[in-house]
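Participant: could you work out the structure for the sequence below:
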Amino acid sequence: MKKLFSLLSIVCIITVSNCTSIPENNDPILGIWVRHSTSQDSDKGNQTTREEWIFNDVYLGRYQSYSNSKLTFYTDFRWTEKDGLYTITYSEEEIVDVIVSLENTNDPETLSLENGAVFATRE
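Facilitator: Down below sits the predicted model:
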């Protein structure tokens, strides 16, 4: 009887685990988005800044900031989408949350702020 119960338990566990599936997220924002800027510094000359937002399919991401190709700051963020607007919520409280929209008509694709300014471009 114990063997039969063990066999039925194993079959039930296999059946339940095979029935669950992870929903696939094909949101168009997935991927790497970047913003470049250059500034003049009287002491160091030109300063190049690169910011990256890496969006993944489980509504999480990583923000990274580089200065002259050296990583200077990074943090994680969560993102949500509602009615075509994406809200980026950073884990660092010092960084203000951002709401952007995806502009597919441009080449390259851009994320735009609510006022229409370009926030980042797809890499």
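Participant: pLDDT weak spots in the chain?
Facilitator: 12, 15-22, 41-44, 106 (pLDDT under 70).
Participant: in it, which spans are helices?
Facilitator: 2-19 (DSSP state H).
Participant: residue boundaries of the strands in it?
Facilitator: 31-41, 45-55, 60-67, 70-82, 85-90, 98-103, 110-113, 118-122 (DSSP state E).
Participant: what about the ones you listed, which gets the closest to Ser9?
Facilitator: Closest to Ser9 of the strands of the chain, according to Cβ to Cβ: strand 60-67, at 35.1 Å. (Glycine included, C-beta is placed from N, CA and C.)
Participant: any idea of the angle that closest one forms with strand 70-82?
Facilitator: With axes from the mean of the first three to the mean of the last three Cα atoms, to 10 degrees defining the directions, strand 60-67 sits at 150 degrees from strand 70-82.
Participant: contact partners of strand 60-67?
Facilitator: 47-55, 71-79, 88, 90, 95 (Cβ atoms under 8 Å, 6 or more residues apart in numbering).
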